[in-house]
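Novice: below: sequence and its predicted model.
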Amino acid sequence: SRCLYFWRNRRRVVDRDHKEICGPKILIIGAPRCGTTFIADMLLKHPRIQFNSCNLKNTQGGCEPGWFQGALKQGVIFDGDDFTFVRRLFMPEGWLDEFGKRLPMTDGVNTLTFDKSPSYMNLEFFPEVVDYAKAHLPNAKIIATLCNPAERMYSDFNNLVRKTGYKEFYQDYQMKPPRNFSEFVRLLHADNPLCNEKLELCESLRSRYLKKGEYLNNLQPWLNGYGQDNVLIVNMDEDPAMIVKRLLNHVGDEILPESEYPWKEIVSEEYKFNTNPNLAYEGRQSSYQSFDEDMKWLEEYYAPFNKELANFIGSDWPHRWNCRLDGNCHPSAEVK
């Protein structure tokens, strides 16, 4: 078929129709630090999902050494920020060809692939990503992974301080970087006196980090572009088996049959998002012991956004992210 012809020649990546796909059938768009890698691992267990094993010894699919180093460290290969990174790298011409080189050989019917990147919900920095996705993959199924936004912020900060460029960002504004999470959160406060002097810095931090947890605002362009029925909003606190059932149902049983999924591989108590604490900072739950007031401030900030999300999806689970404010946390709402 024409689709397979393009695959063999690595020349184009086009979503033809719902029966024949050249390119990812599924886009995992974030939110950042909310389990995109975990969802990818769930999908990779299905035998019909294909992905590239790019490394120094195996460059199938046109992958080049160094392009996937971040993904290799996570144990998930296909994490290329392709509608953002690739297009910026090769624009204005050639980016679609480079995207095709990264993809595995699939026919879109019996085998398919996906793309994932939390940057796809970071629309303030990549405002055109939905338009590019819709133009080239109009029939893709969208998956958004959501978690407690206050805890997401704590995880994001601890991930940030380990990255190159953290200190340099603050040096550009002629100030020392925050020494801990509490100092970081204070820079997000609109009434912080320092922000009168460093307004650009504070606004940049709010835009870069605080707004990532305003989930419905970040989802709206995807909902507008693909329609609500094609966007699956996943509660990452849910049981993994239920998450997988929702994933497979969203994509379609004729494409990813439940009967072919290795269910025994996800029944372990350890197989759950955020079960094992991050050793670099003792896990997200430690935030409530070490920075209780800052976490309460974040929960108060996000409460109206969580309410908006709960009303939109017609479910109360986003309200549980605020339960510590009124002391109504019940066991199922606590982070394990």
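Specialist: Arrived safely, thanks for sending.
Novice: how much space between Tyr301 and Trp321?
Specialist: Note on Tyr301: its distance to Trp321, by Cβ to Cβ, to the nearest Å, is 11 Å. Quick note: C-beta positions are derived from backbone N, CA and C, even for glycine.
Novice: who's more crowded, these two?
Specialist: Trp321 (27 against 19; other Cβ atoms under 10 Å).
Novice: how about the nearest residue to the more buried one, chain neighbours excluded?
Specialist: Among residues not flanking Trp321 along the chain, Asn148 sits closest, at 4.4 Å (Cβ to Cβ, 6 or more residues apart in numbering).
Novice: what number of residues lie near Asn249?
Specialist: 12.
Novice: do Val267 as well
Specialist: Taking other Cβ under 10 Å as the neighbour definition, Val267 ends up with a count of 9.
Novice: next: Gln171.
Specialist: Neighbours around Gln171, by other Cβ under 10 Å: 12.
Novice: SS state for Ile233?
Specialist: Under DSSP: H, G, I helix; E, B strand; the rest coil, Ile233 falls in the strand class.
Novice: check contacts around it.
Specialist: Residues near Ile233 by Cβ atoms under 8 Å, 6 or more residues apart in numbering: 144, 146, 219, 313.
Novice: Tyr173 against Glu200, yeah?
Specialist: Yes. Counting by Cβ atoms under 8 Å, Glu200 is a contact partner of Tyr173 at 7.2 Å.
Novice: who's more crowded, those two?
Specialist: Using other Cβ under 10 Å, the more surrounded residue of Tyr173 and Glu200 is Tyr173, with 15 against 10.
Novice: against Leu187, how distant is the closest residue to the more buried one other than its chain neighbours?
Specialist: Spatial nearest neighbour of Tyr173, excluding adjacent residues (Cβ to Cβ, 6+ apart): Leu201 at 4.4 Å. In this view, Leu201 and Leu187 are 7 Å apart by Cβ to Cβ.
Novice: ok, now Leu219?
Specialist: Taking Cβ to Cβ, one finds Leu219 at 26 Å from Leu187.
Novice: between these two, which is the more surrounded one?
Specialist: Leu219 (23 against 20).
Novice: next up, the contacts around Asn322.
Specialist: Asn322 touches 299-300, 302-303, 306, counting by Cβ under 8 Å, 6+ apart.
Novice: by mean pLDDT, point me to the weakest helix or strand of the chain.
Specialist: helix 69-74 (a mean of 35; mean pLDDT, DSSP states H and E).
Novice: convert stretch 245-257 to PDB, retaining C-alpha atoms only.
Specialist: Extracted in PDB, the C-alpha atoms of stretch 245-257 (Å, rounded to 0.1, in the frame of the first residue of the first chain):
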ATOM      1  CA  LYS A 245      -8.800  -0.700  30.200                       C
ATOM      2  CA  ARG A 246      -9.600   3.000  29.600                       C
ATOM      3  CA  LEU A 247      -6.500   3.300  27.300                       C
ATOM      4  CA  LEU A 248      -7.500   0.300  25.200                       C
ATOM      5  CA  ASN A 249     -11.100   1.300  25.000                       C
ATOM      6  CA  HIS A 250     -10.100   4.800  24.000                       C
ATOM      7  CA  VAL A 251      -7.900   3.600  21.200                       C
ATOM      8  CA  GLY A 252     -10.300   0.900  20.100                       C
ATOM      9  CA  ASP A 253     -10.500  -2.800  20.800                       C
ATOM     10  CA  GLU A 254     -10.200  -3.500  17.100                       C
ATOM     11  CA  ILE A 255      -6.800  -1.700  17.100                       C
ATOM     12  CA  LEU A 256      -5.500  -2.800  20.500                       C
ATOM     13  CA  PRO A 257      -7.600  -5.900  21.600                       C
END
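Novice: give the buried residues for that stretch.
Specialist: For stretch 245-257, the neighbour count (16 or more other Cβ atoms under 10 Å) marks 246-248, 250-251, 255-256 as buried.
Novice: coming back round to it: need the contacts of Ile233 in CSV (columns: secondary structure).
Specialist: Output for the contacts of Ile233, formatted as CSV (three-state DSSP):
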residue, secondary structure
Ala144, strand
Leu146, strand
Leu219, helix
Ile313, helix
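Novice: now these: which count as buried?
Specialist: For the contacts of Ile233, buried by 16+ other Cβ under 10 Å: 144, 146, 219.
Novice: out of the residues you listed, flag the one nearest to Leu112.
Specialist: Proximity of the buried ones among the contacts of Ile233 to Leu112 (Cβ to Cβ) peaks at Ala144, which lies at 19.1 Å.
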